[in-house]
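[1] Sequence first, predicted coordinates after that:
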Amino acid sequence: MSRLLKVAAVLTLLGLGAAVVGPGGLGLLRGATVLAADGPVIDAQVAGPGLGRLGSPWLLLMLLAMLLLVRSTGQALVHGRDPRGFLPLAYVAAVLITLGASQLRGGFHLAKAMHFQGYLSDAASFEGPLDILASSSERFDELLPHTRTHPPGPLLVAAGIHAVARGVAAVSPTAGDFSSTAVLVTFLEGNLGGLLVVLIAWLWLWPLFFLVRRLVPDEPRAPVLAVALAAALANLHGIAPLFDGLHPLLVTCAALGLTSERRWAVLLGGFAGGLLLMMAYGSLVVGPLLLALLFGRSEGGRARLGRLALGAAGLLVIWALVALAGFDYLAGLVRALDHHAGGVNAGRSRGLYLIASPYTFSLWLGVPVVLGALAGTRSPEVWRLSLVLFVTLAVLVLLGITRGETERLWLPLAPFFVLLAAVGWSRTPRPRLEGVAAVGLTVLGAPLLAALTRLYA
């Protein structure tokens, strides 16, 4: 057993123990929890200690899904890298873990989280997608605080979910069980909409697999490890079904497209990057990381510039369509930063979050992912990405713009940590044994942490 695995095991078990013991839960880590004010604390919606939830049937479902993920990972590492059997199993396991974690955090948490974030109610005040793009600046002060800090992407997704809910309600034979069609639509928005977001969010396991296989072709175990570690990220299990859960899918699709040999794929990668920028202003920090992947390829300068131009063209098409519809992206960014500075950061100490932000993010990524990413920095194939990633992280910490809610706001960075972690664990002294052990530790710690504690919502 390597020193890396021993440290990961000790820290994971200590963190998990602190999460579930006693009515204070993570009160055992009170100093760090106070620093990370919006980080992991026991869910106030459920009475009693975290241990009281260990008898729930939802926990049994989650444990079975976790076992499925670990077992399928071990089989994939032993029998080869064919994704046809492994990827669907990992996807199903991840979805089941999310559903179980959501229910353990309080009944119908998917539905409550969908309505809590405010996008659905804010989208209802507009007449349609074009009205959202053309009128959001005029109605900025009328919108809920959460909506004010995002570009129009989440509102457009909410409008789509509302349209789907209305369509289902129109043909639903159970409409008579509700007091009105509006009540049925609201019910469907939360439950059906929440499930759709979860199902779509976990699709990122596919582009992640092929991205890692492309970047490190000499390590056939790395793509399997990346998918397995990604399927256990507490960030995604904890925030579901907040729309931020869609960021890893867009990030990995953009990275996969920009590193492709096919021109149409590079263009589609640019489209994915443009959509990502429409979901959150904070996604701008992913730009240097995507450039690091693009310029890290061994190809001529002309080919690299052509790839860059195609990707930029795809991004600008999305940006131009939004601008033509009436949305000023840069003005929206300024408004959002001003609102966040006065409404959120004004009451949070920059100095305290120099510690709290990395702590919270590491806890919700999973200790094995963080330690594996550090080990993966020594790989020559991804050293540029490693450098840019940790510089980006340092800049975010030092600027203090994103202090608080770090596990959600930094979610677009998670795919890059998972990529590096897969490389790091696949190059340990016994990659099959230690890789499966690292996945097992992540699967044990992260989903249970998401179920037994509160993440943002």
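    Structure's in. What do you need?
[2] For the closest residue to residue 437 other than its chain neighbours, the count of nearby residues, please.
    Distances taken as Cβ to Cβ, 6 or more residues apart in numbering put residue 5 closest to residue 437, at 5.7 Å, once the chain neighbours are dropped. Just so you know, the C-beta spots here come from the backbone N, C-alpha and C atoms, and that holds for glycine as well. Using other Cβ atoms under 10 Å, residue 5 has 22 neighbouring residues.
[3] How about the one 5 residues further on?
    As a burial measure, the neighbour count of residue 10 was computed by other Cβ under 10 Å and equals 12.
[4] Could you measure from it over to residue 368?
    In this view, residue 10 and residue 368 are 11 Å apart by Cβ to Cβ, to the nearest Å.
[5] again with residue 424
    Taking Cβ to Cβ, one finds residue 424 at 10 Å from residue 368.
[6] How about residue 309?
    Residue 309 is 39 Å from residue 368, by Cβ to Cβ.
[7] The two: which is more packed in?
    Between residue 309 and residue 368, counting by other Cβ under 10 Å, residue 368 is the more crowded of the two (32 against 12).
[8] What are the contacting residues of the strand or helix carrying the more buried one?
    Residue 368 belongs to helix 367-376 when assigned by DSSP states H and E. Helix 367-376 is contacted by residues 4, 7-8, 11-12, 15, 229, 233, 362, 382, 386, 417-425, 427-428, 438-439, 441-442, 445 when judged by Cβ atoms under 8 Å, 6 or more residues apart in numbering.
[9] as a whole number, average confidence for it?
    Helix 367-376 comes out with an average pLDDT of 92.
[10] ok, now stretch 131-144?
    Averaging pLDDT along stretch 131-144 yields 87.
[11] what distance separates it from the centre of its chain?
    26 Å (Cα atoms, centre = their mean, to the nearest Å).
[12] How about stretch 347-361?
    With Cα atoms, centre = their mean, you get 20 Å for stretch 347-361.
[13] what's the model's confidence in it, averaged?
    80.
[14] Could you check that stretch and say which residues are buried?
    Neighbour counts over stretch 347-361 (16 or more other Cβ atoms under 10 Å) mark 352, 353, 356, 357, 358, 359, 360, 361 as buried.
[15] And for stretch 396-409?
    Neighbour-count burial for stretch 396-409, counted by 16+ other Cβ under 10 Å, picks out 396, 397, 400, 401, 402, 403, 404, 405, 406, 407, 408, 409.
[16] Please report how far the fifth one lies from residue 168.
    Right, residue 402. From residue 402 to residue 168 the distance is 37 Å (Cβ to Cβ).
[17] Show the subsequent helix or strand relative to the worst-scoring helix or strand of the chain on mean pLDDT.
    Within the chain, judged by mean pLDDT, DSSP states H and E, the helix or strand with the poorest mean is strand 41-42; its value is a mean of 36. Going down the chain from strand 41-42, the next helix or strand is helix 57-79, by DSSP H and E.
[18] For that following helix, which helices and strands make contact with it?
    helix 83-104, helix 222-231, helix 431-452 (3 or more Cβ pairs under 8 Å, 6 or more residues apart in numbering; DSSP states H and E).
[19] Need the contact partners of it.
    Here helix 57-79 makes contact (Cβ under 8 Å, 6+ apart) with 53, 82, 85-86, 89-90, 92-94, 96-97, 99-101, 103-104, 221, 224-225, 228, 231-232, 431-432, 435-436, 439-440, 443-444, 447-448, 451.
[20] follow-up on the earlier one: adding distance to residue 116 as columns, could you present the buried residues of stretch 347-361 in TSV?
    Below are the buried residues of stretch 347-361 laid out as TSV (distance: Cβ to Cβ, whole Å):
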residue	distance to residue 116
352	26
353	24
356	23
357	23
358	27
359	25
360	20
361	22
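[21] From those residues, pick the one nearest residue 199.
    Nearest to residue 199, judged by Cβ to Cβ, of the buried residues of stretch 347-361 is residue 361 at 25.4 Å.
[22] what bits of the stretch 151-300 of the chain have low per-residue confidence?
    173-179, 297-300 (pLDDT under 70).
[23] after the helix holding residue 368 comes which helix or strand?
    Moving toward the C-terminus from helix 367-376, the first helix or strand encountered (DSSP H and E) is helix 383-399.
[24] Count the neighbours of the closest residue to residue 211 other than its chain neighbours for me.
    Distances taken as Cβ to Cβ, 6+ apart place residue 256 nearest to residue 211, at 4.7 Å, with adjacent residues excluded. For residue 256, the neighbour count with other Cβ under 10 Å is 23.
[25] would residue 256 count as being in a strand?
    No. Read with DSSP: H, G, I helix; E, B strand; the rest coil, residue 256 is helix and lies in no strand.
[26] Helix or strand next in line after the host helix or strand of residue 155, which one?
    Per DSSP H and E, residue 155 falls inside helix 153-171. Remark: after helix 153-171, the chain's next helix or strand is helix 181-201, criterion DSSP H and E.
[27] Which parts of that following helix count as buried, going by neighbours?
    Buried residues in helix 181-201, defined by neighbour count with 16+ other Cβ under 10 Å: 184-198, 201.
[28] for residue 327, what are its contacts?
    With Cβ under 8 Å, 6+ apart, residue 327 has these contacts: 133, 134, 136, 137, 151, 152.
[29] where does it fall, phi/psi-wise?
    phi -100, psi 130 (degrees, to the nearest 10).
[30] Tell me how far residue 432 lies from residue 425.
    Distance of residue 432 to residue 425, computed by Cβ to Cβ: 10 Å.
[31] Neighbour count: these two, which is higher?
    Set residue 432 next to residue 425 and count neighbours by other Cβ under 10 Å: residue 425 wins out with 33 against 14.
[32] Helix or strand for the more buried one, just tell me which one.
    Using DSSP H and E, residue 425 falls in helix 414-426.
[33] average pLDDT across that helix?
    94.
[34] would you put the C-alpha positions of that helix in CSV?
    Written as CSV, here are the backbone C-alpha positions of helix 414-426 (Å, rounded to 0.1, in the frame of the first residue of the first chain):
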residue,chain,number,x,y,z
ALA,A,414,-14.0,19.5,-10.9
PRO,A,415,-13.6,17.7,-14.3
PHE,A,416,-10.0,18.8,-14.5
PHE,A,417,-9.2,17.6,-11.0
VAL,A,418,-10.9,14.2,-11.8
LEU,A,419,-8.8,14.0,-15.0
LEU,A,420,-5.5,14.6,-13.1
ALA,A,421,-6.6,12.2,-10.3
ALA,A,422,-7.2,9.4,-12.7
VAL,A,423,-3.7,9.8,-14.1
GLY,A,424,-2.2,10.0,-10.7
TRP,A,425,-3.9,6.8,-9.4
SER,A,426,-3.3,4.9,-12.6
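[35] Buried by neighbour count, from the contacts of residue 327: which ones?
    Using 16+ other Cβ under 10 Å, the buried ones in the contacts of residue 327 are 133, 134, 136, 151, 152.
[36] Can you pick out the most distant pair from the residues you listed?
    Of all pairs drawn from the buried ones among the contacts of residue 327, the greatest distance, 13.8 Å, lies between 134 and 151 (Cβ to Cβ).
[37] Fine by me, thanks again.
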